[in-house]
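**Q** model the following, please.
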Amino acid sequence: MLRPQDGPTREQRSLGGLWRFRLDAEGTGRVEGWWREPLAGAADIPVPASYNDIFPEAAVRDHVGDAWYQTSVWVPDRWAGERIVLRFDAATHRATAWVNDTEVARHEGGYTPFEADVTAHLRPGAQNRVTVVVNNELTWESIPPGRIEERADGRRVQRYFHDFFNYAGLNRPVWLYTTPPAHITDITVATSFEDTTGVIAYEVDSTGGARTQSIRVSLRDASGTQVSAATGAAGTLRVPDVHPWAPGDGYLYELEAALLDASGGLIDSYRQSVGVRTVEVRGKEFLINGTPFYFKGFGKHEDAAVRGRGHDDVLMVHDFALLEWTGANSFRTSHYPYAEEVLDYADRQGVVVIDETAAVGLNLNIGGGIFASGRKVSTFSPDTVGDSAQRTHLQALRELVARDKNHPSVVLWSVANEPDNVQPEARDYFAPLAREVRRLDPTRPVAYVNALMGSPEECVVTDLFDVVLLNRYYGWYFGADDLEAAETDLETELRQWAEHDKPIVITEYGADTYSGLHSVVPGPWTEEYQIKLLDLYHRVFDRVDAVVGEQIWNFADFATAPGVFRVDGNKKGVFTRERRPKGAAFTLRTRWRKTD
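**A** Next up, the predicted model:
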């Protein structure tokens, strides 16, 4: 699915701004047909944004069920005869959309885009009503999973198994855009090298045309100079003395695909950024452009005060500036695909990304980030995470790869965070997922993120994946009173994982830290303890050759569901939620920038 863009044959219009908004916990609007008329009893709501924290009402923050959005948009006369598309970059966690009185789209999944051809339902030269109902319920069939409790007083309470707040709504931009009736529908690129020559294999899909139509492809460098060209819907472009895309050097070429009529006239065109680079796993090494790469960075969240998970270019640019300040070169999209604007910016900044689906909480032995004690319970079963969830998960993976396949910053697909990896049913669940991702994209390695639930010998899915991603909390959830034991236990386990002859990236480690809390003798929650814990992890990483990366949990403090284990959210950030540095941020800057 190509993103909207302006060009000689296309036009885009943002529908961002104030929409009308109404909660509907009982689902009345679907029965009464609220989309057929102006939304009664509605308030103003900004789009994009999560709705939960905007109004000072618990009923809004903790709402479970439908939330209705509606706006009016003028469609210009000049769009008559064009194909007109309504696109939502995300609607969490599922949505149904109408244009005027007609349903045009339904979508499951809260973090990937969906769209509909609405040409037949819009009136050019007039105002048109756009309505969408967004539902935030998590069930055993959704990704991520959850369950709803029905209280005696009639209230419905959402329970979920991941340790971040269940923000919902239209968190990302909404668009109307045009294409010609015959148009380019998709572009796929894969890059490699022949000595110093860059090789770009491309495929251009199109629809709605006659056999006499043809495809012309050109490639321009950053100065706008054409460096290669080809004809045909699929082919190869070669660039002598290519400038590779590399960590810290986000050099991009621009591929332009043109759909031409029989006389060579332009029907449609689309521009696609291309970074020429390769990714490879070789034994215990992770290679980018044939050079061993060491991940330095963070797990992050799309999370900020008031706007929740709503995308914000200001915060995005500031966060990337802080990544550069610390010396970080990478991050993981924990625990869901981030906005496409973020990946575009990572491409341009040369920041490496581990791209993850929203499959978090597939482990009933973890709740709110805390490991359950006593007898382990079954996660994968007909009554919990079963075949329906797997189908939802497969579709989420397909949509993720389709959206992000051309981003050079994306070097690794993560199919899930901290799932149950011990019970035998886990293998039956994950084997089809790993196969499908490799079928969709054979150019990138595939992994999942492992929680400390069993020894390397007990994990039943390690061999399905290319890289070992580990979340480890020795010295916090395990033995917070004994950092010497934490160091020994961590190194012992990492050396066991190293025997699998796969590269290891530590995708989470850290300690909750209350900004401004200090102690001469470091204790949990103090800034000194966070620094001391990170230092011990780094000593171990430096002693284990198989470790090829460290991504701290977390970049910044973030919101979680209320609970006694969380004081105003998760405080493992090295920055506060407002992006003020804790002491650990300066420690990391010293470590990560020491070779600068």
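**Q** and Asp466, its phi and psi?
**A** In terms of degrees, to the nearest 10, the main-chain angles of Asp466 are phi -100, psi -30.
**Q** ok, it to Gly283 distance?
**A** 11 Å (C-beta to C-beta, to the nearest Å). Backbone N, C-alpha and C define where each C-beta goes, glycine included.
**Q** more neighbours, the two?
**A** Asp466 (17 against 9; other C-beta atoms under 10 Å).
**Q** contacting residues for the more buried one?
**A** Contact analysis of Asp466 by C-beta atoms under 8 Å, 6 or more residues apart in numbering lists Val281, Pro445, Val446, Ala447, Lys502.
**Q** excluding chain neighbours, what is closest to it?
**A** Pro445 (3.7 Å; C-beta to C-beta, 6 or more residues apart in numbering).
**Q** these two touch, right, that neighbour and Val467?
**A** Yes: judged on C-beta atoms under 8 Å, Pro445 makes contact with Val467 at a distance of 5.5 Å.
**Q** so what's in contact with these two at the same time?
**A** By C-beta under 8 Å, 6+ apart, the residues touching both Pro445 and Val467 are Val281, Phe286, Leu412.
**Q** what helix or strand is the last one on?
**A** What that stands for is Leu412. Using DSSP states H and E, Leu412 falls within strand 410-417.
**Q** in the stretch 351-500 of the chain, which spans are helices?
**A** 387-404, 425-440, 483-498 (DSSP state H, counting those that start in this stretch).
**Q** can you add mean neighbour count, mean pLDDT and distance to Ser273 and give those helices back as JSON lines?
**A** Below are these laid out as JSON lines (neighbours: other C-beta atoms under 10 Å; pLDDT from 0 to 100; distance: least, C-beta to C-beta, whole Å):
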{"stretch": "helix 387-404", "mean neighbour count": "19", "mean pLDDT": "97", "distance to Ser273": "12"}
{"stretch": "helix 425-440", "mean neighbour count": "18", "mean pLDDT": "96", "distance to Ser273": "20"}
{"stretch": "helix 483-498", "mean neighbour count": "17", "mean pLDDT": "95", "distance to Ser273": "36"}
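**Q** quick one: closest of those to Asp347.
**A** helix 387-404 (10.4 Å; C-beta to C-beta).
**Q** if we can go back for a sec, and the helices of the stretch 351-500 of the chain as TSV, adding distance to Gly29?
**A** Putting the helices of the stretch 351-500 of the chain into TSV (distance: least, C-beta to C-beta, whole Å) gives the following:
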stretch	distance to Gly29
helix 387-404	24
helix 425-440	35
helix 483-498	51
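**Q** which of those sits closest to Arg589?
**A** Comparing the helices of the stretch 351-500 of the chain by C-beta to C-beta, helix 483-498 comes nearest, at 22.1 Å.
**Q** next secondary structure after the closest one?
**A** strand 504-508.
**Q** between the helix or strand following that next one and strand 504-508, how many degrees?
**A** Once strand 504-508 ends, the next helix or strand along the chain (criterion: DSSP H and E) is helix 527-543. Angle of helix 527-543 versus strand 504-508, following axes from the mean of the first three to the mean of the last three C-alpha atoms, to 10 degrees, is 170 degrees.
**Q** got the CA positions of helix 527-543 in CSV?
**A** Coordinates of the C-alpha atoms in helix 527-543 are reproduced here as CSV (Å, rounded to 0.1, in the frame of the first residue of the first chain):
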residue,chain,number,x,y,z
GLU,A,527,19.3,7.4,39.9
GLU,A,528,22.5,6.0,41.3
TYR,A,529,21.0,2.5,41.2
GLN,A,530,20.0,2.8,37.6
ILE,A,531,23.5,3.8,36.7
LYS,A,532,25.1,1.0,38.7
LEU,A,533,22.8,-1.6,37.1
LEU,A,534,23.4,-0.4,33.6
ASP,A,535,27.2,-0.4,34.2
LEU,A,536,27.1,-4.1,35.3
TYR,A,537,25.2,-5.1,32.2
HIS,A,538,27.6,-3.3,30.0
ARG,A,539,30.6,-5.1,31.7
VAL,A,540,29.0,-8.4,30.9
PHE,A,541,28.1,-7.5,27.3
ASP,A,542,31.7,-6.5,26.7
ARG,A,543,32.8,-9.9,27.9
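**Q** run the angle between whatever helix or strand comes next after that helix and helix 483-498 for me.
**A** The helix or strand immediately downstream of helix 527-543 is strand 547-553, counting by DSSP H and E. Relative orientation of strand 547-553 and helix 483-498, computed by the same axes, to 10 degrees: 130 degrees.
**Q** mind listing what's buried in the helix or strand following strand 547-553?
**A** Counting by DSSP H and E, the next helix or strand C-terminal to strand 547-553 is helix 583-592. Neighbour counts using 16 or more other C-beta atoms under 10 Å place Gly583, Ala584, Ala585, Thr587, Leu588, Arg589, Arg591, Trp592 of helix 583-592 among the buried residues.
**Q** for helix 583-592, give the mean pLDDT please.
**A** Here helix 583-592 scores 96 as its mean pLDDT.
**Q** and it, what other elements does it pack with?
**A** Judged by 3 or more C-beta pairs under 8 Å, 6 or more residues apart in numbering; DSSP states H and E, helix 583-592 is in contact with helix 313-326, helix 527-543.
**Q** that helix: how far from the chain's middle?
**A** Offset of helix 583-592 from its chain centre (C-alpha atoms, centre = their mean, to the nearest Å): 26 Å.
**Q** swap in stretch 410-427?
**A** For stretch 410-427, the distance to the chain centre is 16 Å (C-alpha atoms, centre = their mean).
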